[in-house]
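Asks: output the structure for:
(one chain, ligands or ions: 2)
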Amino acid sequence: MTEKKPLLSVEDALAAILAQARGPVSVEDVALGDAFGRTLARDLAARRTQPPKPLSAMDGYALRAEDANAPLRVVGESSAGAGFAGSCGPGEAVRIFTGAPLPQGADSVLIQEEAAREGDVVTARTVVAAGKNVRLAGIDFREGETILRAGRRLTPADVALAASADHPALPVARKPRIAVLSTGDELVAPGAPRGPDQIVASNAYAVLGLIAACGGEARDLGVAPDRPEAIEAAIRAGLGLGVDVLVTIGGASVGDRDFVRGALAAEGMALDFWKINMKPGKPLIHGHIGATQVLGLPGNPVSAVVCGELFLKPLIRALCGDLVGAAHRLEPAVAGADLRANGPRREFLRATLAWRDDGRLVATPQQDQDSSLNSVLARSQALILRESDAPALARGEKVLVLRLTE
Ligand SMILES: Nc1nc2c(c(=O)[nH]1)N[C@H]1C(S)=C(S)[C@@H](COP(=O)(O)OP(=O)(O)OC[C@H]3O[C@@H](n4cnc5c(N)ncnc54)[C@H](O)[C@@H]3O)O[C@H]1N2
Ligand code: MOO
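Replies: Numbers count the residues shown, from 1 in each chain. Ligands and ions are numbered 1, 2, ... in the order given. Sure, this is the predicted structure:
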């Protein structure tokens, strides 16, 4: 009797996919307005110091702290964008506003709520400590300082930081190009006429959305029928686009009409692996054809999405040079219901998320975990990880979850 080879683990499958990722892809400059969500390709140094000089943090009076115990003569005004040209000498104060340059000679700002003003004279109603309400030059960053590292997926705050450091455009990884090919005689586009045994092709929309959300540029190759020549022709069309990744959907399993693996082989794919220890998503295919990495997703709608989340998303991140984002981010939560003991395949249960009053995250598995159910998937926000052969677990016990891309 031949011994059955154990299926590849999720970790090993991800490692194999990332090891082959031919990234980071090339670099392009984008204007700041287009930079959110892109991945920075080079370390970014500040081109200026912020603040460039000491500024007031409040509306009030700039003064010398040591003089603030006696009435002061107001000798001028400093506002944001138009500082006071003179200086603030002993016994003097300068009217000042938030963001305005601190005048020469002054070292502190008295807020106006604590000041009594009469004509040209202002008196402090409180003790003013030296340096009070002053933002010193360079407290945010200094010219030449590295403010953002290569490989960082830019948040809205990152883009604002780059702007304040005087970068009108940023070097980012070009969006990885990804072609998506659906397969199956039964599939018809939404809204198109259908035969009695046909269904509507839906998986590509989830995959296209995931690609866009993860920073890729997707090309929908449509649906190829279950004929080897037709699938091979569609694969060639995808490769002809010069894509970084070719994603196929369906036809990955063992049925007589599952032609995708054969068609990929006929087009020269070097197979890396087929089948992994995971539910849903066991028949995942991975390999490459020349410089194009190939990911063959299973056809069941939930299996395609779960494999997309677990493998395509990290691949896109890695191609962008974002190795932090390429890792699976598991979070602790508590189970919202009892969980049965798991079988030998690692399982990812579709679940809803809620926050308890004590701040704990509660992940409640959906009743029906069939991998064909788009409706259940759409109502889920996360996957609960169940290890191979994990024992049963009671409601309230700790679980690990992976959030689904929104
Ligand atoms: N005897 C066995 N049968 C199956 C096995 C197995 O190990 N032995 N594996 C099962 C598993 S696990 C999965 S997952 C599926 C995956 O099979 P395929 O990748 O070959 O997928 P298809 O047969 O093409 O389709 C499965 C199912 O999904 C529907 N589908 C496919 N593409 C789309 C699409 N773009 N939009 C909407 N729905 C789609 C298709 O109509 C089928 O109902 O195989 C099991 N079988
Ligand atoms: O693993 Mo399949 O992906 O059970 O549905």
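Asks: close to ligand 1: what parts of the stretch 101-250 of the chain are there?
Replies: 182, 184, 186-187, 199, 201-204, 249-250 (C-beta under 6 Å from any ligand atom). Just so you know, the C-beta spots here come from the backbone N, C-alpha and C atoms, and that holds for glycine as well.
Asks: same thing but 8 Å
Replies: 182-184, 186-187, 199-204, 223, 226, 249-250 (C-beta under 8 Å from any ligand atom).
Asks: just want the residue of the protein that's nearest ligand 1.
Replies: Going by C-beta to the nearest ligand atom, ligand 1 is nearest to Gly299 of the chain, at 2.4 Å.
Asks: what's the burial count for the closest residue to that residue other than its chain neighbours?
Replies: Leaving aside its sequence neighbours, Gly299 sits nearest to Gly250 (C-beta to C-beta, 6 or more residues apart in numbering; 3.0 Å). Gly250 has 31 neighbouring residues, counting by other C-beta atoms under 10 Å.
Asks: distance check, Gly250 against Ala16.
Replies: Going from Gly250 to Ala16 by C-beta to C-beta, to the nearest Å gives 22 Å.
Asks: equivalent analysis for Glu217, please.
Replies: For Glu217, the distance to Ala16 (C-beta to C-beta) stands at 24 Å.
Asks: quick revisit: can you tell me the element the residue of the chain closest to ligand 1 falls in?
Replies: According to DSSP states H and E, Gly299 maps onto no helix or strand at all.
Asks: so it sits right up against Asn203, yeah?
Replies: Yes. Using C-beta atoms under 8 Å, Gly299 is in contact with Asn203, at 7.0 Å.
Asks: what's the overlap in contacts for those two?
Replies: Here Gly299 and Asn203 have 249-250 as joint contacts, going by C-beta atoms under 8 Å, 6 or more residues apart in numbering.
Asks: returning to what we had before: of the residues of the stretch 101-250 of the chain next to ligand 1, closest to ligand 2?
Replies: Nearest member of those to ligand 2, counting by C-beta to the nearest ligand atom, is Gly250, at 11.2 Å.
Asks: where along the stretch 151-300 of the chain do the strands fall?
Replies: Applying DSSP state E, counting those that start in this stretch to the stretch 151-300 of the chain gives strands spanning 169-173, 177-183, 187-188, 199-200, 217-224, 245-249, 270-274, 278-279, 285-289, 292-297.
Asks: buried sites along the longest one?
Replies: Okay, so that is strand 217-224. Counting neighbours by 16 or more other C-beta atoms under 10 Å, one finds that the buried residues in strand 217-224 are 218-219, 221, 223-224.
Asks: excluding covalently adjacent residues, which one is nearest to Glu143?
Replies: Thr49 (4.8 Å).
Asks: can you check Gly99 too?
Replies: Counting by C-beta to C-beta, 6+ apart, the nearest residue to Gly99 once its immediate chain neighbours are dropped is Ala80, at 3.6 Å.
Asks: that older thread, wait, doesn't the residue nearest to Glu143 sit right on Ile139?
Replies: No. Thr49 is not in contact with Ile139 according to C-beta under 8 Å; the separation is 9.6 Å.
Asks: now do the helices in the protein.
Replies: Remark: helices assigned in the chain by DSSP state H are 10-20, 156-164, 203-213, 228-240, 260-266, 301-307, 313-319, 374-378.
Asks: strand 285-289 and the fourth one, what's the angle between them?
Replies: Note on geometry: by axes from the mean of the first three to the mean of the last three C-alpha atoms, to 10 degrees, helix 228-240 and strand 285-289 are set 60 degrees apart in direction.
Asks: Leu153: neighbour count?
Replies: Quick fix: residue 153 reads Arg, not Leu. Counted with other C-beta under 10 Å, Arg153 comes out at 20.
Asks: identify the bridge partners of it.
Replies: Note on Arg153: beta-bridge partners by DSSP bridges are Thr39.
Asks: OK, contacts around it?
Replies: Counting by C-beta under 8 Å, 6+ apart, Arg153 makes contact with 37-40, 215, 317, 320, 322, 325.
Asks: in the stretch 101-250 of the chain, what spans have low per-residue confidence?
Replies: For the stretch 101-250 of the chain, not a single residue meets the criterion pLDDT under 70.
Asks: next up, the contacts around the closest residue in space to Ala233 that isn't next to it in sequence.
Replies: Using C-beta to C-beta, 6+ apart and skipping the chain neighbours, the partner closest in space to Ala233 is Ala224 (7.6 Å). Residues in contact with Ala224, defined by C-beta under 8 Å, 6+ apart, are 181-183, 230-231, 233-234.
Asks: follow-up on the earlier one: which of the buried residues of strand 217-224 lies closest to Gly359?
Replies: Proximity of the buried residues of strand 217-224 to Gly359 (C-beta to C-beta) peaks at Ala218, which lies at 36.9 Å.
Asks: does the closest one touch Ile211 like I think?
Replies: Yes. Using C-beta under 8 Å, Ala218 is in contact with Ile211, at 4.1 Å.
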